[in-house]
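**Student:** I would like to see how this sequence folds:
(2 chains)
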Amino acid sequence: MKVDYFKTHAVLILTFACLVSTQSCKPKTAQSAAGGDAAKAYVAPGKYDEFYNIVSGGFNGQVAVYGIPSGRLFRIIPVFSQSPESGYGFSEETKPMLNTSHGFVPWDDQHHIALSQTKGEHDGRWAFANGNNTPRIARIDLTTFRTSEILEIPNSAGNHASPFITENSEYVVAATRFSVPLDDQNGDVPINTYKQNFKGSISFISVSPTSGEMSISFQIRTPGVNFDLSRAGKGKSHGWFFFSCYNSEKANTLLEVNASQKDKDFVMAVNWKKAEEYLKAGKAKKQTVKYAHNVYDENTHTATSTIKNEVFVLDPAECPDMLYLIPCPKSPHGTDVDPTGEYIAASGKLAASIPVFSFTKIQKAIADKAFDGEYDGIPVIKYEAALHGEVVKPGLGPLHTEFDGQGNAYTSMFVSSEIVKWRISDLQVLDRVPTYYSIGHLSIPGGPTAKPHGKYVIAYNKITKDRYLPTGPELTQSAQVYDISGDKMKLILDFPTTGEPHYAEAIPASLLMNKQRKIYKIEENTHPYAAKGEGQAKVERKGNQVHVWMTAIRSHLTPDNIEGVKVGDEIYFHVTNLEQDWDVPHGFAMKGANNAEILVMPGETQTLKWVADKPGIIPFYCTDFCSALHQEMQGYLRVSPSGSNVALHFSTGTNKPAVSTPSGSAADSSAK
Amino acid sequence: MKKLINIVFALSSFIILSCNNTNTVTEEATAEPTVSAGGGQASVKDDESAKDVVKIAAGSKDHTTLVAAIKQADLVNSLSNAGPFTVFAPTNAAFDKVPKETLDNLMKNENKAQLQDILQYHVYVGSLKTEWMEDGQTFNQVNGGNITVTKKDGKVMINNTATVIASIPAANGIIHVIDAVLLPPSK
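**Tutor:** From the prediction side, this is the model:
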């Protein structure tokens, strides 16, 4: 930029237009854009990735599993959304998984992942996932990569600050994004009575150390702020939880303007060990609520949904020393605890710095009562008293921070579209790399644990304009993998993602790959409609319900000829996959089915409901290419008019061809 | 005011994508697929979408100084992001009120941080229409400093020094054209 540049008016417009987009003037190659180190992301055919990346699906409501460093997609796990591909949420067995106090809710917005931990390290048992819209938490079994449990959260609206986990998986948390009138209050109030009627809520959900089953241990009633994100303390700060809060203004409209009025919002520090003491001392009040708890049983291959009716609530007014607020610049987003548990990096997404709080200083400030008054009765710790220091001008729009275990932190910057690496001890910025474009979350394998594995940081980007072949108005989201083993971060891979990833965790392959479930043992199948051999295949009528105990094995379905079904009948195809061989699911699809197919794993039973709407012959077949004779794996259902006297009849291999008559149609041997 | 808006709009449609020539040559010379620019969001080629705050400013003959400064401060890609942004955009005449020596100094590489600070003081993350602003309201700008809005008889002033003389909606926010440069309060 030259001074005379300002004087030359004639060419200004052209010049500036070029200057603005001057970077596009430089010829770029794929290699320069990718950092020239793509070989590090290459996993040769037949080789395994080093890490599983368990990635939230955002608006697709599911969880995706990728390999790192290759970025290869292995699986999309159906969690909160129906999956016509597998029949999840369509089959009779899995429908209860999506039951809520609002009835059947077949979609959600899935933002964050928390992998189970023991002693602050990944233990590879479960992945927890939040449902943001209709507040829920799901638990995924990492031996099957299937959803085992979904728990609805009462007194919540927008389960965003969730499902962050403690270092021994004692609790996963669920703090509400929207404060709302509580479930047992009359919610029919003017919206502008927010300050009087709207309350926040944090749920502590205990996790059974053996089964993983979740249960709401207690809730803490909070001021009516918006909770954004959270992390559990670890090591020295184990026993505490930290939540970012915004809208401390308690605005009920145009938050874009009105929730950014104060210079500082808060990080809420929760002493959950103290909360446990209050709970034990009987300080919690029982509140009448309604929420669903859905559990999938791997032996019956069936989910059950139970509606629960009460929750125990702690009121901070009656529980001193349980909650503290730490001022934090403008709408803090991520509040992330370093591997030692000493430092809490809180990214004010509209702030010009990243404040890093010290757990030791917070404790001292509490002991010294270094408070700056109260907010709704909760002590506000003096900012400087809690502060380790600020990362000054790290970039624009700091969102989330992960750690490499080597004393460094990595913060995503949405507005300036980059990852900034900084040293925790002296808060110096060490390195920055661009992301393409507009990074949201980021993930380092083991990044949120006490023992990060480092090696890579993965950026999850919101915008991919010009990064891939365009696909109309909607473009893919993306992830980018950076090698962080050296001093400088190096982009090694850019890959498109499914859904819209928010947070993700990555875990060493060695912790999961050797304990994968390969089959369900047929002798352990206690599904009431299981046919554990072709001899058990049958068809029974109960009123207008017809139950088909069907088996599937390479390469036929038993029965494959069914007659005697009438218009208006509800037919339940209970398909048991008799295979006891890894990676041999059978699918089952009916022409005209108003729901989906079902995919049945080896040893499993799943049920497709189908209603006969008109007379005729309905074909059915296996949809998963199972064998050389997959295309032969098919059958027929005959539907007769409602008043028909065609008897119920089923068979495989015995319904011999009828002898044709002169008129061209066979005699109906089944009609009596 | 209307005239100015018209000028701004007219000019904004004159943006020339600078590198068409280079790319055309490349594409004709080889059968290789087009290579992504990798240069940041500002270099995304898109003539169809509404213009973002940077493109609008770049198309205005009244904001050449501002655009040069944004470029010098490496803020082009950031302001091409999803935002949303409110950019208080001083006109060239507004910059002319700043001593030339001061401006020239700010444009030097060694003073980039200071220039960034000043420019970021002109940007708010959030899209603020003037009708949403209230008299006496403060907004915390990207650099961390606050601005104060005064609103009298429909006239909106920032820090009692700069008057909003036009407002132009952009794809990723809004530009309020102002007649004075805002100086961040000393910290």
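**Student:** List the buried residues for the helix or strand residue B:104 falls within?
**Tutor:** Using DSSP states H and E, the element containing residue B:104 is helix B:100-106. Across helix B:100-106, burial judged by 16 or more other CB atoms under 10 Å in any protein chain shown covers B:103, B:106. In this view, the C-beta of every residue, glycine as well, is placed from N, C-alpha and C.
**Student:** Could you see whether chain A lies near it?
**Tutor:** Yes - using CB under 8 Å from any CB of the partner chain, helix B:100-106 comes into contact with chain A via residue B:104.
**Student:** Briefly note if whichever helix or strand comes after that helix comes near chain A.
**Tutor:** The C-terminal neighbour of helix B:100-106 among helices and strands, as given by DSSP H and E, is helix B:112-120. Yes - using CB under 8 Å from any CB, helix B:112-120 reaches chain A at B:113, B:116, B:120.
**Student:** Can you show me the CA trace of helix B:112-120 as PDB?
**Tutor:** Presented in PDB, the C-alpha positions along helix B:112-120 are these (Å, rounded to 0.1, in the frame of the first residue of the first chain):
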ATOM      1  CA  LYS B 112      -0.800  -2.600  11.400                       C
ATOM      2  CA  ALA B 113      -1.900  -3.500  14.900                       C
ATOM      3  CA  GLN B 114      -3.000   0.100  15.500                       C
ATOM      4  CA  LEU B 115      -4.800   0.300  12.200                       C
ATOM      5  CA  GLN B 116      -6.600  -3.000  13.000                       C
ATOM      6  CA  ASP B 117      -7.600  -1.600  16.300                       C
ATOM      7  CA  ILE B 118      -9.100   1.500  14.700                       C
ATOM      8  CA  LEU B 119     -10.900  -0.400  12.000                       C
ATOM      9  CA  GLN B 120     -12.200  -3.000  14.400                       C
END
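**Student:** Show me what that helix is packed up against.
**Tutor:** Applying 3 or more CB pairs under 8 Å, 6 or more residues apart in numbering or on different chains; DSSP states H and E, one finds that helix B:112-120 makes contact with helix B:64-72, helix B:100-106.
**Student:** Could you point out which residue ranges in chain A have low pLDDT?
**Tutor:** A:1-36, A:661-672 (pLDDT under 70).
**Student:** Now do the helices in it.
**Tutor:** Along chain A, counting by DSSP state H, helices occupy A:12-20, A:30-34, A:194-197, A:255-258, A:272-280, A:359-367, A:383-386.
**Student:** can you check chain B too?
**Tutor:** With DSSP H as the criterion, chain B has helices at B:2-12, B:20-29, B:53-58, B:64-72, B:76-79, B:92-96, B:100-106, B:112-120.
**Student:** Mind telling me which of the ones you listed the model trusts least?
**Tutor:** For these, mean pLDDT drops lowest on helix B:20-29, to a mean of 37.
**Student:** ok so, going back, of the residues of helix B:112-120 next to chain A, keep whichever come out buried.
**Tutor:** Buried, going by 16+ other CB under 10 Å: B:116, B:120, out of the residues of helix B:112-120 next to chain A.
**Student:** returning to that earlier point: need the helices and strands packed on helix B:112-120 in TSV (columns: distance to residue A:518).
**Tutor:** Shown next, in TSV, are the helices and strands packed on helix B:112-120 (distance: least, CB to CB, whole Å):
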stretch	distance to residue A:518
helix B:64-72	59
helix B:100-106	67
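**Student:** circling back: the helix holding residue B:104 packs against which elements?
**Tutor:** Here helix B:100-106 touches helix B:112-120, going by 3+ CB pairs under 8 Å, 6+ apart.
**Student:** pLDDT on the longest strand along chain B, on average?
**Tutor:** The longest strand of chain B (DSSP state E) is strand B:162-170. Across strand B:162-170, pLDDT averages out at 97.
**Student:** Is chain A within reach of that strand?
**Tutor:** No - contact between strand B:162-170 and chain A is absent, the nearest approach being 13.7 Å (criterion: CB under 8 Å from any CB).
**Student:** Mind giving me the packing neighbours of that strand?
**Tutor:** Short answer (3+ CB pairs under 8 Å, 6+ apart): strand B:162-170 packs on helix B:2-12, helix B:53-58, strand B:85-90, strand B:155-158, strand B:173-178.
**Student:** change it to 6 Å
**Tutor:** helix B:2-12, helix B:53-58, strand B:173-178 (3 or more CB pairs under 6 Å, 6 or more residues apart in numbering or on different chains; DSSP states H and E).
**Student:** So which residue is smack in the middle of chain A?
**Tutor:** Central residue of chain A (CA atoms, centre = their mean): residue A:129, 3.7 Å from the mean position.
**Student:** Check the gap between it and residue B:99 for me.
**Tutor:** Separation of residue A:129 from residue B:99 (CB to CB, to the nearest Å): 58 Å.
**Student:** do the same with residue A:480
**Tutor:** Distance from residue A:480 to residue B:99, by CB to CB: 44 Å.
**Student:** what does residue A:40 give?
**Tutor:** Look at residue A:40 and residue B:99: by CB to CB, they are 52 Å apart.
**Student:** more crowded one of the two?
**Tutor:** Between residue A:40 and residue B:99, counted using other CB atoms under 10 Å in any protein chain shown, the more crowded position is residue A:40 (15 against 9).
**Student:** Settle this for me: the more buried one is touching residue A:490, isn't it.
**Tutor:** No - assessed by CB atoms under 6 Å, residue A:40 is found out of contact with residue A:490, at 7.7 Å.
**Student:** residues bridging contact with the two, i.e. touching both?
**Tutor:** Taking CB atoms under 6 Å, 6 or more residues apart in numbering or on different chains as the criterion, residue A:40 and residue A:490 both touch residue A:483.
**Student:** what's the burial count for residue A:428?
**Tutor:** 11.
**Student:** Just give the closest residue to it, not the sequence neighbours.
**Tutor:** residue A:422 (6.3 Å; CB to CB, 6 or more residues apart in numbering or on different chains).
**Student:** and if you look at residue A:112?
**Tutor:** residue A:503 (4.2 Å).
**Student:** Find the closest residue to chain B in the stretch 51-200 of chain A.
**Tutor:** Closest approach between the stretch 51-200 of chain A and chain B, counting by CB to the nearest CB: residue A:58, at 15.3 Å.
**Student:** That residue bridge partners, please.
**Tutor:** Beta bridges link residue A:58 to residue A:110 when assigned by DSSP bridges.
**Student:** which bits of the stretch 351-500 of chain A sit near chain B?
**Tutor:** Neighbours of chain B within the stretch 351-500 of chain A, by CB under 6 Å from any CB of the partner chain: A:352, A:396, A:415-417, A:437-438, A:465-467.
**Student:** Could you count how many residues lie near the nearest residue to residue A:43 once chain neighbours are set aside?
**Tutor:** Closest residue to residue A:43 apart from its sequence neighbours, by CB to CB, 6+ apart: residue A:70 at 4.0 Å. Neighbour count of residue A:70, defined by other CB under 10 Å: 20.
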